[in-house]
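> Could you work out the structure for the sequence below:
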Amino acid sequence: MSATRRPATRLRRSALAGGGLLAAAVLSVPAAGSAAARPDDPPAPAQVPISQLLTQLHTYYQQAETATQGYDQAKETADKKRAAARTADRQLAAQRTAVAAARIPVRRPASAGEIRSCRAPRPELASG
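You can find the predicted model right below:
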């Protein structure tokens, strides 16, 4: 088991050493390249004063605050409408249930007793 771990350790050590050499090479190149500026390079951007940056930051902060307030207001409106829709759905379900319950006696065949009680009395029996 230790024989299989040794090559991995050696590989890590050589990778670290190679990575260190590569990092040193990369760090040395920008220093050499920045010393000699080319004539076709664009000019460096002008330094922006901190007061201007702070003004921009304050403007962005105000815009974010305004957007947050708009979002909160829209969310509140949506929540109210969602609650009203839920209430309407509940009322509709109750009405549908009531209509369905009212239809049940109409669909059910009448029993003999119900038929007798619904008949109009005979005129000859009523005069008697």
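
> Helices of this protein, residue ranges please.
Along the chain, counting by DSSP state H, helices occupy 2-35, 50-107, 112-118, 123-126.

> what is the rounded mean pLDDT of stretch 50-63?
Stretch 50-63 shows a mean pLDDT of 96.

> Next, the buried residues of it.
Residues of stretch 50-63 classed as buried: none (neighbour count, 16 or more other C-beta atoms under 10 Å). For glycine as for every other residue, the C-beta is placed from the backbone atoms N, C-alpha and C.

> pull the helix or strand with minimum mean pLDDT from this structure.
Taking mean pLDDT, DSSP states H and E as the measure, the helices and strands of the chain show their lowest mean at helix 2-35, namely a mean of 52.

> how far away is residue 55 from residue 67?
Relative to residue 67, residue 55 is positioned 19 Å away (criterion: C-beta to C-beta, to the nearest Å).

> got it, and residue 96?
If you measure residue 96 against residue 67 using C-beta to C-beta, the figure is 42 Å.

> likewise residue 45?
Counting by C-beta to C-beta, the separation of residue 45 from residue 67 is 29 Å.

> Compare those two and say which is more crowded by neighbours.
Neighbour comparison, residue 45 and residue 67: the larger count goes to residue 67, with 10 against 6 (by other C-beta atoms under 10 Å).

> Need phi/psi at residue 41.
Backbone torsions of residue 41, given as degrees, to the nearest 10, read phi -70, psi 140.

> What count of nearby residues applies to it?
Neighbouring residues of residue 41 were enumerated by other C-beta under 10 Å; the total is 7.

> and it, what does it touch?
Residue 41 makes contact with no residue under the criterion C-beta atoms under 8 Å, 6 or more residues apart in numbering.

> Return the per-residue confidence for it.
For residue 41, pLDDT reads 75.

> could we number from 30 for the rest of this?
From this message on, residue numbering opens at 30, which makes the last subject residue 70.

> what about it, distance to residue 85?
Look at residue 70 and residue 85: by C-beta to C-beta, they are 27 Å apart.
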